[in-house]
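> A predicted structure for the sequence below; I have some questions about it.
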Amino acid sequence: MTAREQIIARDRLRRALLVLQTASWADPERRGKGDIHAAAVTVIEAYEAFTAAGLVAGAADRRLIGQAQQYLEKGRHDPSP
């Protein structure tokens, strides 16, 4: 991976994590499960590209990535929208 590709992967993960945080902290009346689900999927995709670039996430980012993984895993077992 080139340095430029690593920067792009790092930026993509950072933006995905920010979207997840924003969706999670949104007003519960305006927050939709679809928003959080889409954000979680985006985080996982960005994280895969991030690790493929040979980068390692810090502890705070790993915690958020773990939350996204847990949310998606829970969604697989909970058929309610």
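Sure, I can see it. Numbers count the residues shown, from 1 in each chain.
> Now do the helices in this protein.
Using DSSP state H, the helices found in the chain span residues 3-25, 33-52, 59-77.
> Show residues contacting the second one.
So the one you mean is helix 33-52. With C-beta atoms under 8 Å, 6 or more residues apart in numbering as the test, helix 33-52 has contacts from 1, 9-10, 12-13, 15-17, 19-20, 22-24, 26, 57, 64-65, 67-69, 71-72, 75, 81. Every residue, glycine included, has its C-beta placed from N, CA and C.
> One more: the longest one?
Residues lying outside helix 3-25 but in contact with it, judged by C-beta under 8 Å, 6+ apart, are 1, 31, 35-36, 38-40, 42-43, 45-47, 49-50, 52-55, 57, 61, 64-65, 67-68.
> Now, of the residues you listed, which are buried?
Listed as buried from the contacts of helix 3-25 are 35-36, 39-40, 42-43, 46-47, 49-50, 53, 57, 61, 64-65, 67-68; burial here means 16 or more other C-beta atoms under 10 Å.
> Ranking helices and strands of the protein by mean pLDDT, which lands last?
Lowest mean confidence among the helices and strands of the chain (mean pLDDT, DSSP states H and E): helix 59-77, at a mean of 90.
> Please spell out which residues along it are buried.
Buried positions in helix 59-77, judged by neighbour count with 16+ other C-beta under 10 Å: 61, 64-65, 67-68, 71, 75.
> Which strands and helices lie in contact with it?
helix 3-25, helix 33-52 (3 or more C-beta pairs under 8 Å, 6 or more residues apart in numbering; DSSP states H and E).
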